[in-house]
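>>> Make a model of this:
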Amino acid sequence: MNRTSAPADSPAPGAWEELVTAALLGTERRTPPGSAPGREAPVTLLDAAAAETVRRRAGLRPGRAAQRPEPAARDPRPPLPAPAARRLAMLLADRSGTGGGGRRGTAPDLMELLPQWLAAADTRGFAAPPELLPALLDAARGRTDLRPAALAFAGPRAMWLARLNPDWRFALRATPGGGMALPASEDTDKIHQLWQEGLFAERVALLSAIRAREPAAARELLATTWATERAEDRLMFLDSLRTGLAAEDEPFLEQALSDRSRNVRATAAELLSALPGSALAARMAVRAGACVAVDHTGDAPTLVVEAPHECDPSMERDGVVAKAPAGRGERSWWFGQLVEATPLTTWSARLGGRTPREIVALPVADDWQAELHAAWCRAAVRQRDAEWARALLGAPAAPEAGGPGAVSLAERAKLLGTLGSAERAEWVAGFISTHGLTEAFQLLGVCAVPWAVPLGRAVVDALNIARDAGSYPWSFSGVMGLAERCLDPSEASRLDGLLAVPDEPEDASPGAGGYWAEAFQRLMTTLRLRAAMAEELGAA
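The predicted model follows:
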């Protein structure tokens, strides 16, 4: 029951403050009230403080009972099967995980399986057990990567709890609109009222929801208040146009190129460059095309580059950033931005009707190849052009430095993201079979889960080769952790022959054989656990 802070029968004014002062200064320097100096003063002080504490607590008048909160909204989803609920409780109880320094043993890392479990439960449309919601919200509070799936699984009750406990307020921020119910699409009056009067998170949620179902209506709604929005809000609202981006958005985005905010202008330019038929894309194509040509005077056709000598106001308006980062030359910086924003379909006509693969294979004069190919990589990712991505990736058996245009593992991973999941897995499997796992970690991260059978077998074979070679085992702990989460559980039976401690070569790392056997045992145990989890959720 709530209490007021006013005591019913107040003691002598300042008595408590006097006792606190004596305690802070010490009884040798300040004699407590009602006590004589000496050895008994500390005892007297404690007795007086105890009595005063009882009087202060007992003398408080009861306050009025607070109004009870409204009940949480009903969750219409079916309840979680009992075995799956017990599994979730087990996963949440292992929040501390088994990670950290040193050897992990053979026990699965349950906390690392929680994201996969949540994704599966969300896919099947189950409701979270109410008694596990506090532990689920605590887990999501500590790990931001869990929040989208955890909050989707927790449902409306999570929003109800988050409004009552400050520790869980992140759920209101992480959920667009704080879990609010959006007006129906036909209720235009309420939509406009919420857009005009709602909190920023509510307005973002409203705009995103309308954009998903009626792109033109969302754009028109945004236009009604665009001129009066704050720069940082305009940037967030403009970003919502990525969903359903189409040629009809071009006039609005062209106007945004004149925005007073540099970040808004840059985002508008990026969106326009993703529309191959836009006027901005055409302007960029003219600029970039003037910088690249085929030279036929040598023994073989060669690409020559003449980068721009200045960044004029029209280029800046179209999103070209004039100031180069530290360590970059201005001309190469401007050139890369022009090529990145140019429709890739431009280059075949510009360079003699050649295919993307033929264009990428052309030598480039004067050390411009890295800059040109890196810009084409960024363009392929932005425009989701799979044909150009394949040409720039090259064959997976190409030298470890990568394909002709992929200047880094990160670039190759982005290019792979433009391909279908089966083709992506096949390419990475070929890369691993040729080059092993040393450089494959980032590439594995973009592959669909569970890994396709050829990719999974390529990973296991490469781990086995590394083990037999006596390689330093901890160098592969990251890949082994990925395999635990991503390998198809049906592959567990193939691991039986890898569980024994192998004979260690003379030059092997001390204890490497035992570590490898332990790691493969943990991998097999984890795969069987994942299979059981899927069966409990009804996937079998």
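
>>> Surely V339 and A380 touch.
No. Assessed by CB atoms under 8 Å, V339 is found out of contact with A380, at 11.1 Å. For the C-beta atoms, the positions are set from N, CA and C on the backbone; glycine is no exception.

>>> Report the secondary structure state of the closest residue to P156 other than its chain neighbours.
In space, and not counting its chain neighbours, P156 is closest to A73: 4.1 Å by CB to CB, 6 or more residues apart in numbering. For A73, the assignment made with DSSP: H, G, I helix; E, B strand; the rest coil gives coil.

>>> any idea of the pLDDT on A73?
Model confidence at A73, given as pLDDT, is 84.

>>> Tell me who's in contact with it.
156-157, 160 (CB atoms under 8 Å, 6 or more residues apart in numbering).

>>> residue boundaries of the helices in the stretch 1-150 of the chain?
In the stretch 1-150 of the chain, the helices defined using DSSP state H, counting those that start in this stretch lie at 15-25, 41-58, 82-93, 110-124, 133-142, 147-154.

>>> Now do the residue nearest the centre of the chain against H435, distance only.
Taking CA atoms, centre = their mean, the centroid of the chain lies closest to D145, which sits 6.2 Å from it. Distance, D145 to H435, using CB to CB, to the nearest Å: 29 Å.

>>> that older thread, so can I have CSV of the helices of the stretch 1-150 of the chain showing mean pLDDT, mean neighbour count and distance to F252?
Listed next are these as CSV, based on pLDDT from 0 to 100; neighbours: other CB atoms under 10 Å; distance: least, CB to CB, whole Å:
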stretch, mean pLDDT, mean neighbour count, distance to F252
helix 15-25, 85, 14, 65
helix 41-58, 85, 14, 64
helix 82-93, 95, 17, 45
helix 110-124, 93, 19, 34
helix 133-142, 95, 18, 36
helix 147-154, 93, 22, 29
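
>>> What does V364 show for phi and psi?
phi -120, psi 130 (degrees, to the nearest 10).

>>> Can you list the low-confidence ranges for this protein?
1-13, 59, 95-104, 174-181, 399-407, 502-511, 539-540 (pLDDT under 70).

>>> can you give me the strands in it?
With DSSP state E, the ranges of strands along the chain come out as 3-7, 60-62, 292-295, 302-305.

>>> Give me the neighbour count for E371.
21 (other CB atoms under 10 Å).

>>> That one: what's it in contact with?
Applying CB under 8 Å, 6+ apart, we find E371 in contact with 305, 332, 335-336.

>>> got it, and A128?
75, 80, 88, 121, 136, 153-155, 157-158.

>>> Name the nearest of these relative to P130.
Nearest to P130 among these is R157, at 6.4 Å by CB to CB.

>>> pretty sure the closest one is touching R77, no?
No. Between R157 and R77 there is no contact under CB under 8 Å: 10.9 Å.

>>> Have a look at the two and say which one is more surrounded.
R157 (18 against 15).

>>> any idea how far the more buried one lies from R74?
For R157, the distance to R74 - CB to CB - is 9 Å.

>>> neighbours around A246, how many?
A246: 11 neighbours (other CB under 10 Å).

>>> in terms of contact, does it touch P215 like I think?
Yes. If you go by CB under 8 Å, A246 and P215 touch, sitting 6.5 Å apart.

>>> is it true that the residue nearest to the centre of the chain touches P115?
Yes. Between D145 and P115 there is a contact at 6.7 Å, judged by CB under 8 Å.

>>> what's the spacing between the residue nearest to P156 and A209?
18 Å.

>>> Over to M90?
With CB to CB as the criterion, M90 and A209 are 36 Å apart.

>>> between the contacts of A73, which is closest to N464?
Using CB to CB, the contacts of A73 come closest to N464 at R157, 46.9 Å.

>>> distance of the residue nearest to P156 from P166?
21 Å.

>>> ok, now A227?
In terms of CB to CB, A227 sits 37 Å off from P166.

>>> do R203 as well
In terms of CB to CB, R203 sits 24 Å off from P166.

>>> Have a look at the two and say which one is more surrounded.
Higher neighbour count among R203 and P166: R203, with 23 against 8, using other CB under 10 Å.

>>> so who does the more buried one touch?
Applying CB under 8 Å, 6+ apart, the residues near R203 are 194-195, 237.

>>> same thing with G277?
G277 neighbours (CB under 8 Å, 6+ apart): A247.

>>> just A223 next, same as before
With CB under 8 Å, 6+ apart, A223 has these contacts: F252.

>>> helices or strands next to the top helix by length along the chain in the packing?
In the chain, with assignment by DSSP state H, the single longest helix is helix 512-536. Judged by 3 or more CB pairs under 8 Å, 6 or more residues apart in numbering; DSSP states H and E, the packing partners of helix 512-536 are helix 82-93, helix 110-124, helix 453-468, helix 477-486.

>>> of all the ones you listed, which lies closest to G327?
Among those, the nearest to G327 by CB to CB is helix 477-486 (29.5 Å).

>>> Give me the contacts around the closest one.
Here helix 477-486 has contacts from 108-109, 112-113, 116, 437, 440-441, 444-445, 447, 449-451, 456, 459-460, 463, 519, 522-523, 526-527, using CB under 8 Å, 6+ apart.

>>> Please repeat the previous calculation with a cut-off of 7 Å.
108, 112-113, 116, 437, 440-441, 444, 449-451, 459, 463, 519, 523, 526 (CB atoms under 7 Å, 6 or more residues apart in numbering).

>>> Now the buried members of these.
Buried members of those, counted by 16 or more other CB atoms under 10 Å: 108, 112-113, 116, 437, 440, 444, 450-451, 459, 463, 519, 523, 526.

>>> just to revisit the earlier point, I'd like the helices of the stretch 1-150 of the chain laid out as CSV, including distance to R485.
Formatted as CSV, the helices of the stretch 1-150 of the chain follow (distance: least, CB to CB, whole Å):
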stretch, distance to R485
helix 15-25, 55
helix 41-58, 53
helix 82-93, 13
helix 110-124, 6
helix 133-142, 17
helix 147-154, 14
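
>>> nearest to R390, of those helices?
Nearest to R390, of the helices of the stretch 1-150 of the chain and by CB to CB, is helix 110-124 at 29.3 Å.

>>> So which of the contacts of A73 are in helices?
Judged by DSSP H, the subset of the contacts of A73 located in helices is 156-157, 160.

>>> could you check the angle helix 82-93 makes with the longest helix of the chain?
140 degrees (axes from the mean of the first three to the mean of the last three CA atoms, to 10 degrees).

>>> check contacts around the nearest residue to L146 once chain neighbours are set aside.
Leaving aside its sequence neighbours, L146 sits nearest to A140 (CB to CB, 6+ apart; 4.7 Å). Contact analysis of A140 by CB under 7 Å, 6+ apart lists 146-147, 150-151.

>>> Could you rerun that using 10 Å?
If you count contacts by CB atoms under 10 Å, 6 or more residues apart in numbering, A140 has them with 114, 118, 146-151, 153-154, 158, 168, 170-171, 174.

>>> which ones are touching the nearest residue to V320 once chain neighbours are set aside?
Excluding the flanking residues, the one nearest V320 by CB to CB, 6+ apart is Q337, at 4.9 Å. For Q337, the contact set (CB under 10 Å, 6+ apart) comprises 269, 273, 284, 287-288, 308, 311, 315, 318-322, 324, 375, 378.

>>> Could you turn the buried ones of those residues into a ChimeraX selection?
A single ChimeraX command selects the buried members of the contacts of Q337 (16+ other CB under 10 Å):
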select :269,273,284,287,288,308,311,315,318,319,320,321,324,375,378
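
>>> Please flag which of the contacts of Q337 sit within helices.
269, 273, 284, 287-288, 315, 375, 378.

>>> List the contacts of the nearest residue to L271 once chain neighbours are set aside.
Distance criterion CB to CB, 6+ apart; nearest residue to L271, sequence neighbours excluded, is L253 at 5.5 Å. Residues near L253 by CB under 10 Å, 6+ apart: 219, 238, 241, 245, 267-272, 275, 278, 280.
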